[in-house]
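S.K.: structure here, sequence nowhere to be found:
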């Protein structure tokens, strides 16, 4: 019985232990399930939240894309309308109308850009570059408003076109300002006055190099240099105001000497103007060398070990190798006045040389007539035709020389005729021997003779024959017609 009871107790212990084990396992499983459920709920909640955010972002992105697309369409539409406005205003619809539109803008801008070079007190005043830029920008804004552009792209396009098309307005306005200045300076020079300190102040007040060069050119021209002197244009093309200033100051120095001496008569001024042109023509010019900029860029890139950006290159090219220089190898000549006590001697020399020239020509004409008469009989048809023209010319010339020499004889000789025939030659020879005669006050008949009419010859064949006969001499001013029909006037130089 005791054994049965012990076995029964052991069995109950096993059942109890198994039950406890199962309960422990069930408790652990419940804990795991509860934990899994919680984690799953948390994961689901996180996923749902993330999905919600993603959906919201997608919706926002879609809304933004839609708004952007609408904006692009609106911007595109606005630009299309702007392009049409630009075309109507100045571009493609009508090329002639477009060109005329820009011409009209140029005229308007030139008018707005006008600046007086002389103030109310008659003093010269500087070119105001800042005022010009303000006026130009104001006109640009007015045109933008007139056309009604709305997009930045169209405005940029218009600004580019405006700057290109109206670039000439600055040069035109500066030229007009300098021309007005030149007129006043010329009046001062011709009136025997100095250029004036107000000119220097005006140039100094013009900070723009183009304006300074134009103003110095005006002063150089007023000093007597011809506008068509090629060296003046070359100097201006050097883009170097310092060169123009140096050239002007040299001319001004010698002109001031003339004014201070009191010799401001026409002859003295003419002499100075002639010397001014000679001085300018002898200047040695060194043109700008753009290659200098390339060398500087190459050296900098080598030193840095990399290429320079376009902006840096542009800055270098705008400041290096864009200006030239000039060197004056001579200076203007100021000739002292001729001693009036010697004027009579020179007058006598000039008239005697003219008479001697007339007598020599009489002999040459006589010999030439004999030769031409023979050629008219025995020459070829071409030679006979030339002989006829020579006979006519020599006959008329012989008569003119005889009348001039007859007037120069007797107790009261009249030298007007003979100096009229040879004045521009014999007076030129005298001036070569005595340069002071260039500024001397000559007798009226010699002044007229100095600018006497040239010897007129019908053609090259007759001219060649007259040179061979010794009738046309070196220094004679001759007018003749070339084989191509062109009429030429100039001194015979012995060639």
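M.R.: Okay, I see it. What you see is a predicted model, and the numbers here were worked out from it, not measured in a lab. Numbers count the residues shown, from 1 in each chain.
S.K.: can you list the domains in this structure?
M.R.: 95-284, 289-322, 340-491 (automatic domain parsing).
S.K.: confidence-wise, which of those domains is weakest overall?
M.R.: Mean pLDDT is lowest for domain 289-322 among those, at a mean of 65.
S.K.: of the domains of the chain, which is nearest residue 16?
M.R.: domain 289-322 (90.0 Å; Cβ to Cβ). All C-beta atoms are positioned from the backbone trio N, CA, C, and that covers glycine.
S.K.: can you redo the domains of the chain as CSV with distance to residue 10?
M.R.: Listed next are the domains of the chain as CSV, based on distance: least, Cβ to Cβ, whole Å:
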stretch, distance to residue 10
domain 95-284, 99
domain 289-322, 96
domain 340-491, 152
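S.K.: can you put the ones you listed in CSV and add mean neighbour count and distance to residue 23?
M.R.: Formatted as CSV, these follow (neighbours: other Cβ atoms under 10 Å; distance: least, Cβ to Cβ, whole Å):
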stretch, mean neighbour count, distance to residue 23
domain 95-284, 17, 81
domain 289-322, 13, 82
domain 340-491, 16, 137
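S.K.: correct me, but residue 155 touches residue 145?
M.R.: No - assessed by Cβ atoms under 8 Å, residue 155 is found out of contact with residue 145, at 11.1 Å.
S.K.: about what we covered before: residue 12: which of the domains of the chain is closest?
M.R.: Short answer: domain 289-322, nearest of the domains of the chain by Cβ to Cβ, at 95.6 Å.
S.K.: could you pull out the strands in the stretch 201-350 of the chain for me?
M.R.: Along the stretch 201-350 of the chain, counting by DSSP state E, counting those that start in this stretch, strands occupy 284-286, 325-327.
S.K.: confidence-wise, which of those strands is weakest overall?
M.R.: Mean pLDDT is lowest for strand 325-327 among the strands of the stretch 201-350 of the chain, at a mean of 56.
S.K.: can you pull the contacts of residue 395?
M.R.: residue 369 (Cβ atoms under 8 Å, 6 or more residues apart in numbering).
S.K.: so it: helix, strand or coil?
M.R.: Three-state assignment for residue 395 (DSSP: H, G, I helix; E, B strand; the rest coil): helix.
S.K.: if I look at it, how far off is residue 422?
M.R.: To residue 422, residue 395 is 19 Å away according to Cβ to Cβ, to the nearest Å.
S.K.: now residue 158
M.R.: Applying Cβ to Cβ to residue 158 and residue 422 gives a distance of 70 Å.
S.K.: ranges for the helices of the stretch 151-300 of the chain?
M.R.: 152-165, 168-190, 197-205, 209-222, 230-237, 241-261, 266-281, 291-304 (DSSP state H, counting those that start in this stretch).
S.K.: same question, the stretch 301-450 of the chain
M.R.: 310-319, 343-378, 381-407, 416-433, 444-450.
S.K.: dump those to JSON lines, plus distance to residue 202.
M.R.: As requested, the helices of the stretch 301-450 of the chain are arranged in JSON lines below (distance: least, Cβ to Cβ, whole Å):
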{"stretch": "helix 310-319", "distance to residue 202": "26"}
{"stretch": "helix 343-378", "distance to residue 202": "42"}
{"stretch": "helix 381-407", "distance to residue 202": "54"}
{"stretch": "helix 416-433", "distance to residue 202": "38"}
{"stretch": "helix 444-450", "distance to residue 202": "38"}
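S.K.: nearest to residue 471, out of those?
M.R.: Closest among these, once you apply Cβ to Cβ, is helix 343-378, at 5.1 Å.
S.K.: what helices or strands is that closest one leaning on?
M.R.: helix 381-407, helix 416-433, helix 444-450, helix 460-468 (3 or more Cβ pairs under 8 Å, 6 or more residues apart in numbering; DSSP states H and E).
S.K.: tilt between that helix and helix 381-407?
M.R.: Angle, helix 343-378 to helix 381-407, by axes from the mean of the first three to the mean of the last three Cα atoms, to 10 degrees: 150 degrees.
S.K.: what's the angle from helix 343-378 to helix 460-468?
M.R.: 120 degrees.
S.K.: contacts made by stretch 213-230 with the rest, please.
M.R.: With Cβ under 8 Å, 6+ apart, stretch 213-230 has contacts from 127, 174-175, 177-179, 181-182, 185-186, 188-189, 195, 199, 202-203, 206, 232, 235-236, 239, 241, 244-245, 247-248, 251-252, 255, 269, 272-274, 276-277, 280-281.
S.K.: quote the end-to-end distance of it.
M.R.: 15 Å (Cα to Cα, to the nearest Å).
S.K.: so which of the domains of the chain gets nearest residue 42?
M.R.: Per Cβ to Cβ, nearest to residue 42 of those: domain 95-284, 52.7 Å.
S.K.: in contact with the residue nearest to residue 122 when sequence neighbours are not counted, which residues?
M.R.: Excluding its sequence neighbours, the residue lying closest to residue 122 (Cβ to Cβ, 6 or more residues apart in numbering) is residue 184, at 7.7 Å. Contact analysis of residue 184 by Cβ under 8 Å, 6+ apart lists 117-118, 122, 124.
S.K.: let's have the residues you listed in CSV, adding secondary structure and distance to residue 141.
M.R.: Formatted as CSV, the contacts of residue 184 follow (DSSP: H, G, I helix; E, B strand; the rest coil; distance: Cβ to Cβ, whole Å):
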residue, secondary structure, distance to residue 141
117, coil, 28
118, strand, 31
122, coil, 36
124, strand, 32
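S.K.: hmm, which two among these are most spread apart?
M.R.: Taking Cβ to Cβ as the measure, the contacts of residue 184 span a maximum distance of 11.0 Å, between 117 and 122.
S.K.: ok so, going back, how near is the residue nearest to residue 122 to residue 118?
M.R.: 6 Å.
S.K.: give the residues shared as contacts by those two.
M.R.: residue 124.
S.K.: that older thread, closest one to residue 482 among the helices and strands packed on helix 343-378?
M.R.: Here helix 460-468 is closest among those (Cβ to Cβ), at 6.1 Å.
S.K.: can you give the strand pairings for the next helix or strand after the closest one, parallel or anti for each?
M.R.: Following helix 460-468 in sequence order, the next helix or strand is strand 477-481 (DSSP states H and E). Paired neighbours of strand 477-481 in the sheet (DSSP bridges): strand 455-456 (parallel), strand 487-491 (antiparallel).
S.K.: hmm, who's touching the shortest one?
M.R.: When you say that, I think you mean strand 455-456. 472, 476-480.
S.K.: one more pass at 10 Å, please.
M.R.: 393, 397, 421-422, 424-425, 463, 466, 471-472, 476-481, 487, 489, 492 (Cβ atoms under 10 Å, 6 or more residues apart in numbering).
S.K.: the last one now?
M.R.: Strand 487-491 is touched from outside by 424-425, 428, 453-456, 460, 463, 474-482, with contacts defined as Cβ under 10 Å, 6+ apart.
S.K.: that one to helix 416-433, inter-axis angle?
M.R.: Here strand 487-491 runs at 60 degrees with respect to helix 416-433, directions being taken by the same axes, to 10 degrees.
S.K.: just use 420 as the starting number from now, easier for me
M.R.: With 420 as the first residue, the last one maps to strand 906-910.
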